[in-house]
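**Student:** predicted structure and sequence below. I'll ask about it afterward.
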Amino acid sequence: AQSTRHTQLPAIPASFSQLEKMDLAELQQLESDPVRLADFMMTLDLVTDMSAVRSSMQEAVMDLAQQNLSKRDGVETLQAELDALRATVKDKEAVFGVIQQRQVALLNKYSTGTLVEALEKSMNQAEEEAEETFSQFNDGEKNAVDFVKEYRQQRRLYHLRAAKKERLLHSQG
């Protein structure tokens, strides 16, 4: 915490007694000679007070500047640490993005819709195989024992997959 410094400016007088004491000739001479005017101005209390205030403020500004400069290394160190932390966060966000995409892909792989689709495909395959076995039997390519054994197994597989599909759809609500 840094304290706020307020500088009290000197009050501007309502009149300048040094000028009031001068006659018209002295005032005209003062006005026509810039060096003499500057020397006179330096004798006024207001000007000396303002010069003191100015010097005090310059010293305060220099002190603050020195304090700021003395903290430069610390600020630069903290900035470097902040930059390193930002880089770490950026790297971790990139890794997180990849992991999140993988998670979404895995969740989609096992979603209800994907599983139903896979079951329907395997049901169709089992039904086609059963029809092929039936055609082979009708064409005389398979004997009755082999036909019954294969056909029952293919139909059982079809109905098992159909039951799983129904159970999955039913569990979805």
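**Tutor:** Cool, got the structure.

**Student:** every contact and neighbour count from this point should use C-alpha atoms.
**Tutor:** Noted.

**Student:** what comes into contact with the helix or strand where residue 19 lies?
**Tutor:** Using DSSP states H and E, residue 19 maps to helix 17-20. For helix 17-20, the surrounding residues in contact (C-alpha atoms under 8 Å, 6 or more residues apart in numbering) are residue 27.

**Student:** next: stretch 106-125.
**Tutor:** So stretch 106-125 is contacted by 157-159, 161-162, 164-165, 168-169, 172 (C-alpha under 8 Å, 6+ apart).

**Student:** lowest-confidence one in these?
**Tutor:** Within the set of the contacts of stretch 106-125, pLDDT is lowest for residue 172 (79).

**Student:** what separates it from residue 109, distance-wise?
**Tutor:** Separation of residue 172 from residue 109 (C-alpha to C-alpha, to the nearest Å): 16 Å.

**Student:** buried subset of the contacts of stretch 106-125 as a ChimeraX selection?
**Tutor:** Selecting only the buried entries of these in ChimeraX, with 16 or more other C-alpha atoms under 10 Å as the criterion:
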select :157,158,161,162,165
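
**Student:** low pLDDT regions in the protein?
**Tutor:** By pLDDT under 70, the weakly predicted segments of the chain are 1-7, 173.

**Student:** please compute how far the longest helix along the chain lies from its chain's middle.
**Tutor:** The longest helix of the chain (DSSP state H) is helix 72-109. Centre-to-centre, helix 72-109 and its host chain are 10 Å apart (C-alpha atoms, centre = their mean, to the nearest Å).

**Student:** cool, and stretch 46-59?
**Tutor:** With C-alpha atoms, centre = their mean, you get 48 Å for stretch 46-59.

**Student:** what's the answer for stretch 69-77, then?
**Tutor:** Computed by C-alpha atoms, centre = their mean, the chain-centroid distance of stretch 69-77 equals 25 Å.
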